[in-house]
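[1] Structure for the following, please:
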Amino acid sequence: MSRAALHCGAAFLLGAASVLGFAPFLLFPIPIIALALLVRLWQGATPRMAALQGYVFGAGLFLAGVSWVYVSMHVFGGMPLLLAGLAAVLFCCVLALFPALAGYVFARLRRDRILADALLAAAAWTLAEWLRGWVLTGFPWLAFGYAQTPPSPLAGYAPLLGTYGVGFIAALIAALAGLTFGRRERWLPSGAAIATLLAAGLGLTSIEWTQPSGKPVSVSLLQGNIEQSLKWRPERLQQSLDTYLRLARAHPAQLIVLPETALPLMLDQLPRDYVAELRRAAPGGKGDVLLGIAAQDAQGRYYNSAVGFTTEGIQAYRKSHLVPFGEFTPPAFAWTLALLQIPMSNFSPGAAVQPPLALAGEKVAVNICYEDVFGEEIIRALPEATLLVNLSNTAWFGDSLAQPQHLQIAQMRALETGRFMLRATNTGMTAIVNPRGRVERVLAPFGEGALVGEVSGYNGATPYVRWGNAAALLLVAIGLFAPLAGLRRSAH
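    Numbering: from 1, shown residues only. Alright, predicted model coming up:
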């Protein structure tokens with residue numbers, strides 16, 4: 001076997017091993033180690049070979065980490081087994097193009113100066129991840145910053161720089177380690193730089209960026225565990241209604257939250273007095289209810305909505321970042337509807353900016369399912385919002401890595417914003433995440449239940465709330481500029 005083939009095989013295994021850094025494994029140093037070894041491979045490679053190594057690294061990462069999309073397409077979407085498997089593989093192969101881009105950029109611009117090359121590697125990696133979170137509506141799942149939630153010392157950078165900024169720091173540490181491998185004379189300065197980055201992250205964790213306000217609010221997050229394959233059958237509607245009403249009555253709170261599309265009907269089809277019965281379950285019979293349900297406007301457009309019911313009336317949030325093929329069909333792909341059997345897959349997007357909902361004395365920034373993967377979209381409702389709530393139905397992905405990975409993403413959103421994040425899900429993982437990104441309580445997945453607790457609203461704004469991804473992109477620009485500046489000097 002040729003040396004090039006061995007290096008590509010190693011890159012594939014390194015990518016697959018990186019998944020161990022994410023939930024539920026939480027071995028957060030592994031992605032950094034894997035990336036360090038990949039950068040070491042890139043150091044002696046041509047741009048074309050570095051791109052190939054980046055590609056197979058990405059293929060290993062995504063095939064091991066997100067191939068659960070097959071479950072939604074075949075098990076619940078009804079796509080034939082072989083076709084669903086092929087679609088999942090192609091999806092992962094397309095995602096692998098972004099690490100390939102990072103490898104090409106690094107090998108093309110590197111200058112054989114350790115600090116400049118380390119910054120370049122971190123910039124190229126972060127730029128590729130940012131583009132993956134934006135191109136074709138974006139899929140930033142398994143961005144390396146997500147692996148650095150607590151207890152990682154790099155979690156302290158999240159309120160400052162966001163996920164991509166944390167990923168930049170992780171990639172910089174990896175590049176410094178990879179580029180000094182086998183060069184003893186450079187171990188001390190690179191080791192000192194790595195230690196400084198880790199120590200700074202730990203130090204940042206002690207800063208209180210936001211402050212609690214008002215009295216704590218009791219919350220009840222309902223997990224109905226309605227099987228996805230049965231949920232939309234008309235004869236099962238009454239069971240869904242009974243399940244959530246029973247859970248609300250058994251677990252009263254000031255704010256009762258039901259998951260995404262908890263009830264398989266439209267808002268205007270809700271049985272009369274049903275929500276009133278839910279609200280009566282709260283202390284004093286005056287609780288507020290947040291319900292995930294489909295709704296239609298006067299023009300006949302459908303929305304994946306979260307509707308708040310209070311004494312003062314009804315408020316609604318409409319999901320704005322829809323999932324391609326699951327909630328809308330991109331142009332020229334209408335033929336896929338014949339292969340997928342997904343109910344309610346023709347939603348319209350809500351407005352990009354929507355005000356928080358006034359619920360239980362708090363200003364609640366609602367996001368629905370996949371929307372919480374996009375940190376720059378979550379902060380649109382901040383700093384006005386005092387509390388984050390995510391409604392999800394990850395039953396589409398079965399008993400897979402998607403469940404714990406999604407909860408880890410919620411941890412990052414809490415860290416970035418300095419707010420509690422509440423998750424109410426159909427099958428898991430229903431959880432309360434505190435502003436420091438730690439899971440305070442969580443329900444076991446694939447079981448019926450309710451998670452009851454007390455949370456405080458928070459005021460103030462983290463630097464990330466104010467800057468968004470601008471700070472991370474500035475670091476990317478600096479990393480790319482260093483070798484480019486060197487190229488310009490050498491040209492003169």
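[2] you'd agree Ile314 is in a strand?
    Yes - residue state for Ile314 (DSSP: H, G, I helix; E, B strand; the rest coil) corresponds to a strand.
[3] partners of it in the sheet?
    Beta bridges link Ile314 to Phe309, judged by DSSP bridges.
[4] what's the burial count for it?
    Here the number of neighbours of Ile314 (other Cβ atoms under 10 Å) works out to 10. Just so you know, the C-beta spots here come from the backbone N, C-alpha and C atoms, and that holds for glycine as well.
[5] Check Met1 too.
    Considering only other Cβ under 10 Å, Met1 is surrounded by 6 other residues.
[6] Now do it, the pLDDT please.
    Met1 carries a pLDDT value of 75.
[7] Ile169 too?
    Ile169 carries a pLDDT value of 98.
[8] Was I right to think it contacts Leu154?
    Yes - using Cβ atoms under 8 Å, Ile169 is in contact with Leu154, at 5.7 Å.
[9] any residues in contact with both of those two?
    Common neighbours of Ile169 and Leu154, counting by Cβ atoms under 8 Å, 6 or more residues apart in numbering, are 197, 201.
[10] Please name the residues that touch the residue nearest the centre of the chain.
    Computing the C-alpha centroid of the chain and ranking residues by Cα atoms, centre = their mean puts Val373 first, at 2.9 Å. The contact partners of Val373, taken as Cβ under 8 Å, 6+ apart, are 133, 138-141, 409.
[11] how near is it to Leu197?
    Going from Val373 to Leu197 by Cβ to Cβ, to the nearest Å gives 26 Å.
[12] What segments of the chain are strands?
    Ranges of strands within the chain are 211-223, 255-257, 288-296, 302-310, 313-318, 357-359, 362-368, 387-392, 421-425, 431-433, 439-442, 449-459, based on DSSP state E.
[13] Output those strands as a markdown table; include the columns distance to Phe22.
    A markdown table is the format used below for those (distance: least, Cβ to Cβ, whole Å):
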| stretch | distance to Phe22 |
| --- | --- |
| strand 211-223 | 23 |
| strand 255-257 | 26 |
| strand 288-296 | 26 |
| strand 302-310 | 26 |
| strand 313-318 | 28 |
| strand 357-359 | 31 |
| strand 362-368 | 20 |
| strand 387-392 | 18 |
| strand 421-425 | 17 |
| strand 431-433 | 16 |
| strand 439-442 | 14 |
| strand 449-459 | 23 |
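[14] closest to Asp399 out of those strands?
    When the strands of the chain are compared by Cβ to Cβ, strand 421-425 sits nearest Asp399, at 13.4 Å.
[15] where's that closest one relative to the chain centroid, distance-wise?
    13 Å (Cα atoms, centre = their mean, to the nearest Å).
[16] if we look at it, which residues are touching it?
    219, 221-223, 257-260, 290, 292, 372, 387-394, 407, 410-411, 413-414, 429-433, 455.
[17] Just the buried ones among those, please.
    Buried members of the contacts of strand 421-425, counted by 16 or more other Cβ atoms under 10 Å: 219, 221-223, 257-260, 290, 292, 372, 387-394, 407, 410-411, 413-414, 429-433, 455.
[18] Going by neighbour count, which residues of the helix or strand of the chain with the lowest mean pLDDT are buried?
    Least confident helix or strand, the chain: helix 228-231 with a mean of 71, by mean pLDDT, DSSP states H and E. Neighbour-count burial for helix 228-231 flags 228, 231 (criterion: 16+ other Cβ under 10 Å).
[19] Could you name the helices and strands sitting against that helix?
    Applying 3 or more Cβ pairs under 8 Å, 6 or more residues apart in numbering; DSSP states H and E, we find helix 228-231 packed against no helix or strand.
[20] ok, now which ones touch Ser320?
    Counting by Cβ under 8 Å, 6+ apart, Ser320 touches 349-352, 354, 371, 377.
[21] now Leu451
    220-221, 223, 430-432, 441-443.
[22] What is the burial count for the nearest residue to Gly224 once chain neighbours are set aside?
    Sequence neighbours aside, Thr243 is the residue nearest to Gly224 in space, at 4.8 Å (criterion: Cβ to Cβ, 6 or more residues apart in numbering). For Thr243, the number of neighbouring residues by other Cβ under 10 Å comes to 19.
[23] closest to Gly284 among the contacts of Ser320?
    Nearest to Gly284 out of the contacts of Ser320 is Gln354 (Cβ to Cβ; 29.3 Å).
[24] is it true that the closest one touches Gln315?
    No - with contact defined as Cβ under 8 Å, Gln354 does not count as touching Gln315 (9.9 Å).
[25] Domain-wise, how is this structure divided?
    Split into domains by automatic domain parsing, the chain comes to 3-207+469-491, 211-461.
[26] now stretch 243-259: how far from the chain's centre is it?
    Centroid separation between stretch 243-259 and its chain, computed with Cα atoms, centre = their mean, is 26 Å.
[27] what separates Gly418 from Trp209, distance-wise?
    Going from Gly418 to Trp209 by Cβ to Cβ gives 5 Å.
[28] joint contacts of those two?
    In contact with both Gly418 and Trp209: 159, 460-462, using Cβ under 8 Å, 6+ apart.
[29] Most neighbours of all those, which one?
    For the shared contacts of Gly418 and Trp209, the largest neighbour count, defined by other Cβ under 10 Å, is 27 neighbours, found at Pro159.
[30] and the residue lying closest to that residue once chain neighbours are set aside, what are its phi and psi?
    Spatial nearest neighbour of Pro159, excluding adjacent residues (Cβ to Cβ, 6+ apart): Thr462 at 3.9 Å. Main-chain dihedrals, Thr462, degrees, to the nearest 10: phi -70, psi 160.
[31] per-residue pLDDT, Ala332?
    Reported pLDDT at Ala332 in the predicted model: 48.
[32] which residue ranges form the helices in the stretch 101-250 of the chain?
    Ranges of helices in the stretch 101-250 of the chain, per DSSP state H, counting those that start in this stretch, are 114-132, 158-179, 187-204, 228-231, 237-250.
[33] Please identify the deepest-packed of these.
    When these are scored by mean count of other Cβ atoms under 10 Å, the highest mean neighbour count falls to helix 158-179 (a mean of 27).
[34] Centre of the chain to it, how far?
    17 Å.
[35] next one: stretch 444-456
    Worked out by Cα atoms, centre = their mean, stretch 444-456 lies 20 Å from the chain centre.
[36] Quick check: buried residues in that stretch?
    For stretch 444-456, burial by neighbour count (16+ other Cβ under 10 Å) applies to 445-446, 449-453, 455-456.
[37] same thing with stretch 99-109?
    99-107, 109.
[38] Can I get these in JSON lines including pLDDT and distance to Ala50?
    Listed next are the buried residues of stretch 99-109 as JSON lines, based on pLDDT from 0 to 100; distance: Cβ to Cβ, whole Å:
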{"residue": "Pro99", "pLDDT": "98", "distance to Ala50": "10"}
{"residue": "Ala100", "pLDDT": "98", "distance to Ala50": "8"}
{"residue": "Leu101", "pLDDT": "98", "distance to Ala50": "10"}
{"residue": "Ala102", "pLDDT": "98", "distance to Ala50": "9"}
{"residue": "Gly103", "pLDDT": "98", "distance to Ala50": "4"}
{"residue": "Tyr104", "pLDDT": "98", "distance to Ala50": "6"}
{"residue": "Val105", "pLDDT": "97", "distance to Ala50": "9"}
{"residue": "Phe106", "pLDDT": "97", "distance to Ala50": "6"}
{"residue": "Ala107", "pLDDT": "97", "distance to Ala50": "4"}
{"residue": "Leu109", "pLDDT": "95", "distance to Ala50": "11"}
